[in-house]
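K.L.:
Here's a sequence, model it:
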Amino acid sequence: VVSGAAQWVEQGRRAIADAVVTQWHRHFGHQPPVDVAAIRIEQRATFSCTPAMLRPDGAPLPGISVAGDYIAGRYPATLEGAVRSGLAAVATL
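P.N.:
Got it, this is the predicted structure:
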């Protein structure tokens with residue numbers, strides 16, 4: 001996750017992917033091998049919070065768990081909210 005990433009976006013997806021792999025190797029070495037599957041560039045960091053807005057549940061269907069900052073929970077759309085929803089999704093596995 002990169003906030004204020006205009007300089008990276010200008011360099012293009014290949015440059016971003018190369019930088020991610022370089023950082024991975026610097027911190028974790030070359031094992032396991034890593035490759036970037038996708039680069040997602042969002043123009044808006046989060047949804048527009050409005051009063052009484054309903055956010056989706058973390059278990060939309062039996063046997064399916066989803067996670068993200070947009071999932072209903074105790075926290076607003078923040079990285080902490082996203083992490084907590086991810087932990088809750090994993091706990092159901």
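K.L.:
Residue ranges in this structure under the pLDDT threshold?
P.N.:
Within the chain, the segments meeting pLDDT under 70 span 1, 3, 44-47, 49.
K.L.:
What are the boundaries of the helices in it?
P.N.:
In the chain, the segments counted as helices under DSSP state H are 6-11, 13-28, 79-91.
K.L.:
So what's the residue count around residue 52?
P.N.:
Here the number of neighbours of residue 52 (other C-beta atoms under 10 Å) works out to 4. (Glycine included, C-beta is placed from N, CA and C.)
K.L.:
meant to ask about residue 81
P.N.:
Neighbours of residue 81 (other C-beta under 10 Å): 21.
K.L.:
what's the nearest residue to residue 19 if we skip its chain neighbours?
P.N.:
Nearest in space to residue 19, with sequence neighbours left out and distances taken as C-beta to C-beta, 6 or more residues apart in numbering, is residue 8 at 7.5 Å.
K.L.:
That neighbour contacts residue 18, correct?
P.N.:
No: in this structure residue 8 lies outside contact range of residue 18 using C-beta atoms under 8 Å: 11.0 Å.
K.L.:
how about stretch 68-88: buried residues?
P.N.:
Buried residues in stretch 68-88, defined by neighbour count with 16 or more other C-beta atoms under 10 Å: 69, 70, 71, 73, 77, 81, 82, 84, 85, 86.
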